[in-house]
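**Q** Sequence isn't available, so here's the structure alone:
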Ligand SMILES: O=C(CO)COP(=O)(O)O
């Protein structure tokens, strides 16, 4: 029986928040400090414009700060982009790569995602690699194949000593209020675990498999109790500290 892995509850603020939103970091810090020992690791990924100030506000607290994307190159003529080392310099410990909104809106391929994950590892960041099928792929019965291919082609060949973190986010569940059945979540996470163990051995056993897609305080406990679910990647419900905290303590 696999020893329970310490859950990671990550918040992806996406393109939301200006300076006033940093109050939510302060509120979350207060809630966590009042709660004392929390089993889960906590990560907040604000917009890049807030990252440094968020890291300063989280300093000395259990809150890690992460980026929402990074360029695959260490530096160069990439107007508007941000490198992994810049994120680290600003106070990030993790970075989301391959989110479906970037795969769709920016034409990111799994090969691009792999390069970004490798750049994150090289800079000393922990990549959170996102995978997930579209509704059409789910209805066509190809979800396992799609997610399997994304894992095969998006993950670097080695993570060194860094924990592998993969977030399963069915595209059709993001921002919709809809989630797969618990049975479907369990099946997909078992599928991902088997793929990771086959490829990475022990590192696959200890990989953190996060579920994302309409995680709310109302459904978090059931989702987080599902086998091979080691945390959550939360969008909308991470924007308000009290809602996000309810999900954190549900793990
Ligand atoms: O995309 C997500 C997190 O990266 C999920 O967003 P929602 O929780 O708003 O569905």
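**A** Sure, I can see it. All values derive from a computational prediction rather than experimental measurement. Numbering: from 1, shown residues only.
**Q** When you work out contacts or count neighbours from here on, use the C-alpha atoms and nothing else.
**A** Will do.
**Q** I'd like to know which residues of the stretch 1-150 of the chain are adjacent to the ligand.
**A** Residues of the stretch 1-150 of the chain lying near the ligand by Cα under 6 Å from any ligand atom: residue 12.
**Q** The stretch 101-250 of the chain: strands as residue ranges?
**A** Assigned strands in the stretch 101-250 of the chain, in chain order: 126-131, 165-168, 208-212, 231-234 (criterion: DSSP state E, counting those that start in this stretch).
**Q** mind checking the SS state of residue 49?
**A** helix (DSSP: H, G, I helix; E, B strand; the rest coil).
**Q** The closest residue to it other than its chain neighbours: neighbouring residues, count only.
**A** Here the nearest residue to residue 49 in space, its sequence neighbours aside, is residue 18; by Cα to Cα, 6 or more residues apart in numbering that works out to 7.9 Å. Neighbourhood size, residue 18 [other Cα atoms under 10 Å]: 11.
**Q** show me the contacts for the residue in the stretch 1-150 of the chain that the ligand sits nearest to.
**A** Of all residues in the stretch 1-150 of the chain, residue 12 sits closest to the ligand, at 5.1 Å by Cα to the nearest ligand atom. Residues in contact with residue 12 (Cα atoms under 8 Å, 6 or more residues apart in numbering) are 44, 45, 46, 68, 233, 234, 235, 236, 238.
**Q** where's it relative to residue 89, distance?
**A** The gap separating residue 12 from residue 89 is 20 Å, by Cα to Cα, to the nearest Å.
**Q** swap in residue 231?
**A** 26 Å.
**Q** for residue 22, same thing?
**A** From residue 22 to residue 89 the distance is 19 Å (Cα to Cα).
**Q** Between these two, which is the more surrounded one?
**A** More crowded of residue 22 and residue 89, by other Cα under 10 Å: residue 22, with 19 against 12.
**Q** Helices along the stretch 151-251 of the chain, start to end?
**A** For the stretch 151-251 of the chain, applying DSSP state H, counting those that start in this stretch gives helices covering 182-200, 202-205, 220-224, 241-248.
**Q** My read is that residue 248 contacts residue 9, right?
**A** Yes. The pair residue 248 / residue 9 is scored as a contact, 6.0 Å apart, by Cα atoms under 8 Å.
**Q** The residue nearest to residue 49 reaches residue 48, doesn't it?
**A** No. If you go by Cα under 8 Å, residue 18 and residue 48 don't touch, sitting 10.4 Å apart.
**Q** Which residues are in contact with each of residue 248 and residue 9?
**A** 40, 42.
**Q** if we can go back for a sec, with mean neighbour count as extra columns, can I get the helices of the stretch 151-251 of the chain in CSV?
**A** Listed next are those as CSV, based on neighbours: other Cα atoms under 10 Å:
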stretch, mean neighbour count
helix 182-200, 17
helix 202-205, 17
helix 220-224, 19
helix 241-248, 21
